[in-house]
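1. Requesting a structural model of the entry that follows:
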Amino acid sequence: MWHLIRRIAPNLRRKPFIGSSNSDPTRTQHYHTSVVAPRQSGASTGLYGFDHLKSPNGFQRFVDEAIERSTELVSYISAMPESSEIIRAMDEISDTVCSVVDSAELCRNTHPDREFVEEANKASMRINEYLHVSI
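-> Okay, the predicted model is just below:
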């Protein structure tokens, strides 16, 4: 997908998936693989496989990056690329936002550490506010 977008919109930056440890910008990483893919190196990971969620404060960064990436994609869509690229960009917005929403909701409802629950609650409120006001 990104090789097509790069050809059409060369100024759009390709970022690794939110919260992933993948730093290769040419490799597309999808929500499902980033959540369930086991670590090969044995390094510690955050909640649900997201590196940002090693501590409760990681939810703040997780939301910040999701909002930043979604805003970039909305700007790209507003430039009226080909319809297939609009659909792909909207799909990435959905994956990006849902990774935060789903992680926050699961944490809010199941995590035993109150600090994680509180930060997940804040993340949930922020991403929902962004969705209702900005998109």
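2. tally of neighbours for the nearest residue to Arg69 once chain neighbours are set aside?
-> Nearest residue to Arg69, sequence neighbours excluded (Cβ to Cβ, 6 or more residues apart in numbering): Thr96, at 5.2 Å. The way it works is simple: take the backbone N, C-alpha and C, and place the C-beta from them, glycine included. Thr96 has 24 neighbours, counted by other Cβ atoms under 10 Å.
3. Just to check, Thr96 is in contact with Thr71?
-> No: using Cβ atoms under 8 Å, Thr96 makes no contact with Thr71, being 10.4 Å away.
4. the strands in the chain, which residues?
-> Counting by DSSP state E, no segments of the chain form strands.
5. Low-confidence bits of this protein, can you list those?
-> For the chain, the stretches with pLDDT under 70 are 1-43, 135.
6. For it, which segments count as helices?
-> For the chain, the helices defined by DSSP state H occupy 2-8, 31-36, 58-78, 83-110, 114-133.
7. so how far is Phe50 from the residue nearest to Arg69?
-> Using Cβ to Cβ, to the nearest Å, we find Thr96 at a distance of 12 Å from Phe50.
8. before we move on, what about Asp64?
-> 13 Å.
9. mind listing what's buried in stretch 50-62?
-> Along stretch 50-62, these residues count as buried under the neighbour rule (16 or more other Cβ atoms under 10 Å): 50-53, 56, 58-59, 61-62.
10. any idea which of those residues is the one closest to Val117?
-> Using Cβ to Cβ, the shortest approach to Val117 within these belongs to Pro56, at 8.5 Å.
11. I appreciate the help and will end here.
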